[in-house]
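In: need a structure here:
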Amino acid sequence: MALVDIKVPDIGDFDEVGVIELLVKVGDTVKAEQSLITVESDKASMEIPSSHAGVIKELKVALGDKVKEGSVIAVIEAAGASAAAAPAAAPAPAPVAASAAAPVAAPAPAAAAPAPAASGRIEVRVPDIGDFKDVAVIELLVKPGDSIKVEQSLFTVESDKASMEIPSPAAGVLRELKVKIGDTVNIGDLVAIMEGAVPASTAPIPPGTPTLDLPAAQSEPDTPTPRHLPVEEAKPLSDGGAPAAAPVAPPHAPGAPTLGLPHASPSVRKFARELGVPLDEVKGSGPKGRITQDDIQNFTKQVMSGATQTRAIAAKAPAAASGGSGVGLDLLPWPKVDFTKFGPVERKDLSRIKKISGANLHRNWVVIPHVTNHDDADITDLEAFRVQFNKENEKSGVKVTMLAFMIKAAVAALKKFPEFNSSLDGDQLVLKNYFHIGFAADTPNGLVVPVIRDADKKGIVQISQEMGDLAKKARDGKLGPADMTGGCFSISSLGGIGGRYFTPIINAPEVAIMGVCKSSLEPKWDGKQFAPRLMLPLSLSWDHRVIDGAAAARFNVYFASLLADFRRIVM
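Out: Residues are numbered from 1 along each chain as shown. Just a heads-up that it's a prediction; the model follows:
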């Protein structure tokens, strides 16, 4: 056994890069080429691999430290290695690290194939990215029509070891992007078309031009660092050997989290993909909000324990109840307002009923594609009959309401139009052979919907009596779950309050709901003259996944005809 110093290999023209993530800890057993730390420059993040297999005895760096080529980052107890051999072995991973860093650090001539040295069409191609093949495009930083500056990053690609940005070799206007997110690209692939002036450095080098050899890893013949540049085009070097800053800095800052790309290293993104974790929902605990492997593990534990939900799971929850596919809504956060700045306020907790019903109503409104048809029913004769019946049976103690007649009319309409008496279950429609009708009851604590079971087997008087009993239980807060479940169709009546029309929200898993408002006397033409008629406004909301417009119109017309002439019920 021997202790081996693991050093930073050749990372191209970068002088010092920051350590942004530690991928191992003391005591871990690592394999050769296993990533130890992640570093980041202003153009790329890359992982530094181990040159030996063994056990980590000491980490020489911490988060936020700066390292450069030759810096010792760890001490490994390796089998079959000698301490003397360590310095020679350290540069071995240079092909991976250098190839990850160099393409984005290289001057403009490496970013494109030779192009005309005059203004006009410029073809942007993938520069030399080392021995990587089929690297994935994970982020687009520009769009057609944008004005591009020299060295401005166009898009980000990612291998299994590094993510890097591909810069523009010239200034101009982007006419066409040849890639999209998810595409894979290789060296020389055409990725964009620009229009503008091509800098001289992108023109082919004339034969015999004096060249300048730049430092490069001797063990890697195909490193993407350019070997020869015209002397007059070579960039002046700073004291640390790094190229001087480009004339114009790219506006994209890879060190800061972006809207389109979670701030995480390639290995962490790969780990998240293996676990099925959506990175955009994970809060990073690392520097600059960077997501670490521990963040992925903690997020997974929270999901498994039920302490949190991903947006995909939350979207599927209402879909399971309604049979829809469900989608997440990427909405702006709810505004936080200090209302006390504008005047005195009072706070009051929502009632339990409103908390429960509010969540259900919100789900139903978002998931179900509501459409509402409005119509009017002539209830002149029915109302006259109802008033007369109540007067004749005053001593019975049961008062027949218009809602009782509407419940019987709903049963008849459901029998004629069975798709209204159904529910979605995945890709199947469940057609019900029973008729349980719900009615909205207003209580001091909120709206509830008791259900009249087997309404088809009950008469108007029995329905009226049962409605009265359920309404009393609702006001007293004594309704049980059995009193409010199993409904096929609901009626929401505002007849005692007023209004004209409204859009009632469907009570899932039902597929339709009838809303009624206060009746009013209106002049109607009877063929000879205008006569006063008592008209009842109807508002039928229906689920467009199950019901189409023609069926809804027929249902509404038929429902109104039953109220206009209740003798049709027995036909």
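
In: Give me the contact list for stretch 396-412.
Out: 379, 382-383, 386, 389-390, 393, 435, 437, 439, 452, 455-456, 460-461, 463-465, 467-468, 489, 491, 493, 495, 514, 516, 519, 536, 559, 562-563, 566, 568-569 (CB atoms under 8 Å, 6 or more residues apart in numbering). In short, each C-beta sits where N, CA and C put it, glycine included.

In: any idea how far V179 is from G145?
Out: Taking CB to CB, to the nearest Å as the measure, G145 falls 16 Å from V179.

In: Quick check on the contacts of stretch 396-412: which are buried?
Out: Buried members of those, counted by 16 or more other CB atoms under 10 Å: 379, 382-383, 386, 435, 437, 439, 452, 455, 460, 463-465, 467, 489, 491, 493, 495, 514, 516, 519, 536, 559, 562-563, 566.

In: Sheet partners, orientation included, of the biggest strand by length in the chain?
Out: Taking DSSP state E as the criterion, the chain has its longest strand at strand 530-543. The pairing partners recorded for strand 530-543 under DSSP bridges are strand 370-378 (antiparallel), strand 512-516 (antiparallel), strand 520-525 (antiparallel).

In: hey, which of those is tucked in deepest?
Out: When those are scored by mean count of other CB atoms under 10 Å, the highest mean neighbour count falls to strand 512-516 (a mean of 26).

In: from the middle of its chain, how far away would that one be?
Out: When distances are taken as CA atoms, centre = their mean, to the nearest Å, strand 512-516 is centred 33 Å away from the chain's centroid.

In: ok, now stretch 339-347?
Out: Relative to its chain's centre, stretch 339-347 lies at 35 Å (CA atoms, centre = their mean).

In: Equivalent analysis for stretch 278-291, please.
Out: Remark: stretch 278-291 is offset 16 Å from the chain centroid, using CA atoms, centre = their mean.

In: So what would you say the end-to-end distance of that stretch is?
Out: One end of stretch 278-291 to the other measures 12 Å (CA to CA, to the nearest Å).

In: Give me the mean pLDDT for it.
Out: Summarised as a single mean, pLDDT over stretch 278-291 is 80.

In: Show me which residues of it are buried.
Out: Neighbour-count burial for stretch 278-291 [16+ other CB under 10 Å]: L279, V282, G284, G286, P287, R290, I291.

In: what do you get for stretch 400-416?
Out: For stretch 400-416, burial by neighbour count (16+ other CB under 10 Å) applies to 400-414.

In: got it, and stretch 347-358?
Out: By neighbour count with 16+ other CB under 10 Å, stretch 347-358 contains the buried residues I353, S357.

In: now stretch 128-148
Out: D128, I129, G130, F132, V135, V137, I138, E139, L141, V142, I148.

In: Format the buried residues of stretch 278-291 as JSON lines; extra columns: secondary structure and distance to A474.
Out: Listed next are the buried residues of stretch 278-291 as JSON lines, based on DSSP: H, G, I helix; E, B strand; the rest coil; distance: CB to CB, whole Å:
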{"residue": "L279", "secondary structure": "helix", "distance to A474": "47"}
{"residue": "V282", "secondary structure": "coil", "distance to A474": "45"}
{"residue": "G284", "secondary structure": "coil", "distance to A474": "49"}
{"residue": "G286", "secondary structure": "coil", "distance to A474": "54"}
{"residue": "P287", "secondary structure": "helix", "distance to A474": "57"}
{"residue": "R290", "secondary structure": "coil", "distance to A474": "54"}
{"residue": "I291", "secondary structure": "strand", "distance to A474": "50"}
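
In: from the residues you listed, which two are the most distant?
Out: Using CB to CB, the buried residues of stretch 278-291 span at most 16.6 Å, a distance reached by L279 and P287.

In: What's the local residue count around the closest residue to Q34 other than its chain neighbours?
Out: The spatial neighbour of Q34 that comes closest, neighbours along the chain excluded (CB to CB, 6 or more residues apart in numbering), is S50 at 5.3 Å. The number of residues packed near S50 is 25, by other CB atoms under 10 Å.

In: Off-centre distance for stretch 551-558?
Out: A distance of 38 Å separates the centroid of the chain from that of stretch 551-558, by CA atoms, centre = their mean.

In: what does stretch 376-389 give?
Out: In terms of CA atoms, centre = their mean, the centre of stretch 376-389 is set 52 Å apart from its chain centre.

In: Which parts of the protein are helices?
Out: 86-89, 94-105, 266-275, 293-305, 311-322, 352-367, 380-392, 402-416, 460-475, 549-564 (DSSP state H).

In: what separates V26 from L63, distance-wise?
Out: In this view, V26 and L63 are 15 Å apart by CB to CB.

In: Look at those two and report which has more neighbours.
Out: The residue with more neighbours, out of V26 and L63, is L63; 15 against 11, by other CB under 10 Å.

In: Low-confidence ranges, the chain, go.
Out: Along the chain, segments meeting pLDDT under 70 span 1, 12-14, 42-43, 79-119, 130-131, 160-161, 197-262, 287-288, 305-330.
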